[in-house]
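after the sequence you'll find the predicted model.
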Amino acid sequence: MNKARLFLLLTLFVAVCLNVMAADGPSPIEKPGPQKSGFYDFWQLPPGDSSGVGTLPRTADCFIGASTQPAVYAGNFLLDCDGETPHNETTIVVDPHNPQHAVGGFHSYRLFFNGATLVERVVAAASSTFDGGSTWHEVIPPITPYQFTGDPALAFDSNSRLYYSNIADHEGPGGSFTGPSVVVASSNDGGITWSNPVTVAKGQTAVTPKSKGFGPNIFNDKEYIAADANASSPFSNRVYVTWTRFAQFFSPTAQFFASPINVAVSDNGVQWTAPKAISGFSPFCNAALFGAPNECDLNQDSYPAVAPNGKVYVTFENFNTFGLNQILAVSSSDGGATWSAPSRVSLVQDLNFPSNVDGRDTLSGCQLRYGVKANTAVDPSDATGNTVYVAFADNQNGTKTATNTDVFLGKSTDGGATWSIIPVDTSANDQFYPWVAVAANGTVSVGYMDRSLATGADQTQCKYGFAVTKLSKAGSILSKNRVDTGFSDPGHSLWFSGTTNGNSRFIGDYNGVAVGSDGTTWSLWTDQRAVVANPPSATRNHGQHAVAAKN
């Protein structure tokens, strides 16, 4: 049994085990609950080939730039140069001391032969520019002792030291895999050379095709990283990693499932505090599964951010509700030692999406796996540390048969105690996978994939561009700009599309946006504009690459 199929069966097993009814509305386990990431979504191999186990043959080390990239990307930056394999799940940061120095991260799918066996590896690549995007140097950081890394996230500290977090695991014969661990590597030369990954939190046990159920299993998922880049902060250069800790056990006699948000803290990237659950308790969490009353223990997609005074915010999506799910926020003012109770940012309409062939939420006309939650950002111009944002997309103006997701910002000016909601883009068709970043003067940039940019027949097809909307510190819209120079076409994808006639099931779960000290906004997204050479068919002829823009 291949790994993708095993993962799907396990997901269905969890859904069956947890399917109970609630009299006053959908329970947190009758409706869509927290889903694991796409860490195990691989390209479907051609008939006659099979996946196997091998060693990554080399690290990618290649250069690409405006003068050497394919002409189809003119006006944008292609960050990957390691071949025609999938590249997705993008993250980007800008050096706080050098606005010409940016680093992007993304999945790189490595396909190679070990003897007669075709072997696949997903690893997190890094691509750095020191000249404002004219040239990029792609490398793959060491992953020893692991075979896979994924869910990439980058952060600079105040000394321009770079940190790269991932989840990582070991692969075994026959499709078995270890529960993923959370790992962090570091770079002192701007992203060219990297340390070996340091294990922050270990996964537990393995899932195999012969499992009679599974567990006890610890599946660490969807980690993200933030560093205190404020030289005057009492916790300057402290690094925070948050993630979802899926703890699960199912047998004929006992059941347990919880997914609290955890955090670990480090001052050097080598020694880390023990993982600590921070999702806490709140009256907003009014539907328990196996936890205590009001425990917020069904979560996914956490994102940390550090304010100028060292205050740390983490937002995440929570599923301990009857009816709509919700975005919650917690914070710490003492460097991560203690955390506030959750406040509610917003309810989110993520119950009326159509399903793709894997049973995951998607958008009309698409098969790509979709989620509503995005990241957290603070206002560096607010010395009190009280202004914080969270970006999300919502289908409240759409339906299961005709999605119309719109982009919103949650904003708090009182340290996360209360929140207002700002509509960012409510154009027709879908705006999705938003990301927010804030300039030194408080100007807010929100970047997102945008299907409203399409015209004519393209409006009903699974195509998107990438837009950046800028807002004033007061929350008014300043501008909206399309920053891509060519539509992406996941509806005719070479990758993740063997069972869907070319409609990609996976483009990654997030994009990246960052603002440099000069006020320039950098965007990085999964791009599917380019037609590949010798495609398998006219319906599967577009590649998948990491592409950036500046505005």
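Received, thanks.

now for residue 404: which residues touch it?
395, 397-398, 428-430 (Cβ atoms under 8 Å, 6 or more residues apart in numbering). Quick note: C-beta positions are derived from backbone N, CA and C, even for glycine.

now distance to residue 412 and neighbour count too, for those residues, in a markdown table please.
Putting these into a markdown table (distance: Cβ to Cβ, whole Å; neighbours: other Cβ atoms under 10 Å) gives the following:
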| residue | distance to residue 412 | neighbour count |
| --- | --- | --- |
| 395 | 24 | 26 |
| 397 | 24 | 13 |
| 398 | 27 | 20 |
| 428 | 29 | 11 |
| 429 | 30 | 23 |
| 430 | 27 | 27 |
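
now for those, which pair is the farthest apart?
395 and 428 (13.2 Å; Cβ to Cβ).

sec struct for the nearest residue to residue 473 once chain neighbours are set aside, please.
Spatially, and ignoring its direct neighbours in sequence, residue 473 is nearest to residue 442 (3.5 Å; Cβ to Cβ, 6 or more residues apart in numbering). Secondary structure, DSSP: H, G, I helix; E, B strand; the rest coil: residue 442 is coil.

so who does residue 442 touch?
Residue 442 sits in contact with 379-382, 387, 472-473, where contact means Cβ under 8 Å, 6+ apart.

which of the residues you listed sits closest to residue 484?
Closest approach to residue 484 among those (Cβ to Cβ): residue 472, at 24.3 Å.

and the contacts of residue 442, which of them are buried?
Those of those that meet the buried threshold are 379-380, 382, 387, by 16 or more other Cβ atoms under 10 Å.

among those residues, which two are most distant?
Maximum pairwise distance among the buried ones among the contacts of residue 442 (Cβ to Cβ): 9.3 Å, between 380 and 387.

and residue 75, backbone torsions?
phi 90, psi -10 (degrees, to the nearest 10).

separation between the residue nearest to residue 473 and residue 529?
Applying Cβ to Cβ, to the nearest Å, the value for residue 442 to residue 529 is 34 Å.

and if you look at residue 380?
The gap separating residue 380 from residue 529 is 33 Å, by Cβ to Cβ.

what of residue 297?
Relative to residue 529, and taking Cβ to Cβ, residue 297 is found at 41 Å.

compare those two (neighbour count), which wins?
Between residue 297 and residue 529, counted using other Cβ atoms under 10 Å, residue 297 has the larger neighbour count: 26 against 20.

touching, that one and residue 261? I think so.
No: assessed by Cβ atoms under 8 Å, residue 297 is found out of contact with residue 261, at 9.1 Å.

what ranges does the stretch 451-551 of the chain have for its strands?
Under the criterion DSSP state E, counting those that start in this stretch, the stretch 451-551 of the chain carries strands at the ranges 465-471, 477-482, 512-515, 521-527, 545-550.

so which of the ones you listed gets nearest residue 151?
Closest to residue 151 of the strands of the stretch 451-551 of the chain is strand 512-515 (Cβ to Cβ; 12.6 Å).

which strands or helices does the closest one pack on?
Here strand 512-515 touches strand 87-94, strand 102-114, strand 431-438, strand 444-450, strand 521-527, going by 3 or more Cβ pairs under 8 Å, 6 or more residues apart in numbering; DSSP states H and E.

state the distance from the closest residue in space to residue 333 that isn't next to it in sequence to residue 389.
Excluding its sequence neighbours, the residue lying closest to residue 333 (Cβ to Cβ, 6+ apart) is residue 311, at 5.1 Å. Note on residue 311: its distance to residue 389, by Cβ to Cβ, is 14 Å.

who has more neighbours out of those two?
Remark: of residue 311 and residue 389, residue 389 carries more neighbours, 26 against 23, as counted by other Cβ under 10 Å.

mind listing what's buried in the host helix or strand of that one?
Element membership of residue 389 [criterion: DSSP states H and E] is strand 388-394. Buried residues in strand 388-394, defined by neighbour count with 16+ other Cβ under 10 Å: 388-394.

quick one, strands of the stretch 51-200 of the chain?
Using DSSP E, counting those that start in this stretch, strands in the stretch 51-200 of the chain cover 61-65, 77-78, 87-94, 102-114, 117-129, 135-139, 148-156, 162-169, 177-178, 181-187, 198-201.

how about the ones you listed in a markdown table, adding mean neighbour count and mean pLDDT?
Listed next are those as a markdown table, based on neighbours: other Cβ atoms under 10 Å; pLDDT from 0 to 100:
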| stretch | mean neighbour count | mean pLDDT |
| --- | --- | --- |
| strand 61-65 | 14 | 95 |
| strand 77-78 | 24 | 98 |
| strand 87-94 | 27 | 97 |
| strand 102-114 | 23 | 85 |
| strand 117-129 | 23 | 85 |
| strand 135-139 | 22 | 98 |
| strand 148-156 | 26 | 95 |
| strand 162-169 | 27 | 96 |
| strand 177-178 | 22 | 73 |
| strand 181-187 | 24 | 97 |
| strand 198-201 | 20 | 98 |
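
thinking again about what came up before, given the strand holding residue 389, what are its sheet partners and their directions?
Take DSSP bridges as the rule and strand 388-394 pairs in its sheet with strand 373-378 (antiparallel), strand 406-412 (antiparallel).

who touches the residue lying closest to residue 308 once chain neighbours are set aside in this structure?
Nearest residue to residue 308 in three dimensions, chain neighbours excluded: residue 230, at 5.0 Å (Cβ to Cβ, 6+ apart). Listed by Cβ under 8 Å, 6+ apart, the contact set of residue 230 reads 158, 236, 306-310, 380.

check for me that residue 230 belongs to a strand.
No: read with three-state DSSP, residue 230 is coil and lies in no strand.

per-residue confidence at it?
On pLDDT, residue 230 comes in at 96.

repeat that for residue 176.
Here, the pLDDT recorded for residue 176 equals 60.

measure the closest residue to residue 312 other than its chain neighbours to residue 343 for me?
Leaving aside its sequence neighbours, residue 312 sits nearest to residue 332 (Cβ to Cβ, 6+ apart; 4.7 Å). Remark: distance between residue 332 and residue 343 (Cβ to Cβ) = 13 Å.

number of nearby residues for residue 71?
Quick note: residue 71 (other Cβ under 10 Å) scores 6 neighbours.

from residue 529, how far out is it?
Relative to residue 529, and taking Cβ to Cβ, residue 71 is found at 11 Å.

check residue 163 too.
For residue 163 relative to residue 529 (Cβ to Cβ), the value is 31 Å.

before we move on, what about residue 160?
Residue 160 is 33 Å from residue 529, by Cβ to Cβ.

and for residue 419?
37 Å.

lowest confidence element among the helices and strands of the protein?
Counting by mean pLDDT, DSSP states H and E, the chain has its least confident helix or strand at helix 3-17, which shows a mean of 35.

could you tell me the per-residue confidence at the residue nearest to residue 333?
For residue 311, the pLDDT comes out at 98.

cool, the one 3 residues further on as well?
The confidence metric pLDDT takes the value 98 at residue 314.

which strand residues bridge it?
Counting by DSSP bridges, residue 314 is bridged to residue 304, residue 330.

doesn't residue 328 make contact with it?
No: contact criterion Cβ under 8 Å: residue 314 and residue 328 do not qualify, at 9.1 Å.
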